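Asks: return atomic coordinates for the entry below.
(one chain, ligands or ions: 1)
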Amino acid sequence: MTPFSRRIEILPASQDQMPILANLLQLYIHDFTEFVDLDTERFSYPHLPCYWSEPDRHPFLVKLKGKLAGFVLVKKESGSPPFWDMAEFFILRKYRRQGIGTRVAQEVWGLFPGQWQVRVMSSNTPGNHFWSRAVSGFTGEPVHPACNEKNGASWHVFSFQSKPKP
Ligand SMILES: CC(C)(COP(=O)(O)OP(=O)(O)OC[C@H]1O[C@@H](n2cnc3c(N)ncnc32)[C@H](O)[C@@H]1OP(=O)(O)O)[C@@H](O)C(=O)NCCC(=O)NCCS
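Replies: Sure thing, here's the model as predicted:
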């Protein structure tokens, strides 16, 4: 158990909290301007309202000691078999490099047993380090992400199982 585990909360976000997520998404997408060339007055995330209208999407806010520390968006993808996708994942800068992201990711995987996929842009070096460690810590096995190209970008894809707790 990490020193934070009792103080981290992963709370389902209500529709009333959509503006909080919309604000955090601005910071999240802004972080990606280090890795991709984006120019805009306001970054757009058109799928956000779907997190309250589609049953296979799950929005969460992360709090540490009651203070907002990040967010997680999870969705189920209709593959064969279907799998869970860590659609978006963000920890606010002041809370980074303290093990919080790892704890949150691993708890979220535990909430949704089954096949999982985590995609990260190949150019997001910190993200790749983070997911490699978090996934291997969760599965207890070394990770070997697949590489693919989508929408003109190169991605690393981590695929693994979250086993139901006995
Ligand atoms: C990636 C992110 C979620 C990491 O959250 P975090 O709470 O700082 O992660 P942790 O403290 O649990 O990090 C665990 C390990 O991941 C690796 N890691 C995390 N951030 C890293 C960075 N910036 N550079 C290199 N390695 C990093 C390290 O191995 C770290 O262990 P260490 O601190 O003992 O060296 C956070 O930086 C973030 O929200 N970034 C912007 C959005 C993003 O890239 N999301 C994920 C991609 S989809």
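Asks: helix or strand: which one has residue 28?
Replies: Here residue 28, judged by DSSP states H and E, is contained in helix 18-32.
Asks: hmm, that helix touching the ligand?
Replies: Yes: using CB under 6 Å from any ligand atom, helix 18-32 reaches the ligand at 28, 31. Using the backbone N, CA and C atoms, a C-beta is placed for each residue, glycine as well.
Asks: list the strands paired with the helix or strand just after that helix, with their directions.
Replies: The helix or strand immediately downstream of helix 18-32 is strand 57-64, counting by DSSP H and E. Within its sheet, strand 57-64 is paired with strand 8-12 (antiparallel), strand 67-77 (antiparallel), according to DSSP bridges.
Asks: in the last one, what's buried?
Replies: When neighbours are counted by 16 or more other CB atoms under 10 Å, the buried residues of strand 67-77 are found to be 69, 70, 71, 72, 73, 74, 75, 76.
Asks: let's have the strands paired with strand 57-64 in JSON lines, adding distance to residue 57 and mean pLDDT.
Replies: Compiled in JSON lines, the strands paired with strand 57-64 are given as follows (distance: least, CB to CB, whole Å; pLDDT from 0 to 100):
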{"stretch": "strand 8-12", "distance to residue 57": "11", "mean pLDDT": "97"}
{"stretch": "strand 67-77", "distance to residue 57": "5", "mean pLDDT": "98"}
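Asks: residue 90: which of the ones you listed is closest?
Replies: In terms of CB to CB, the element of the strands paired with strand 57-64 nearest to residue 90 is strand 67-77, at 4.9 Å.
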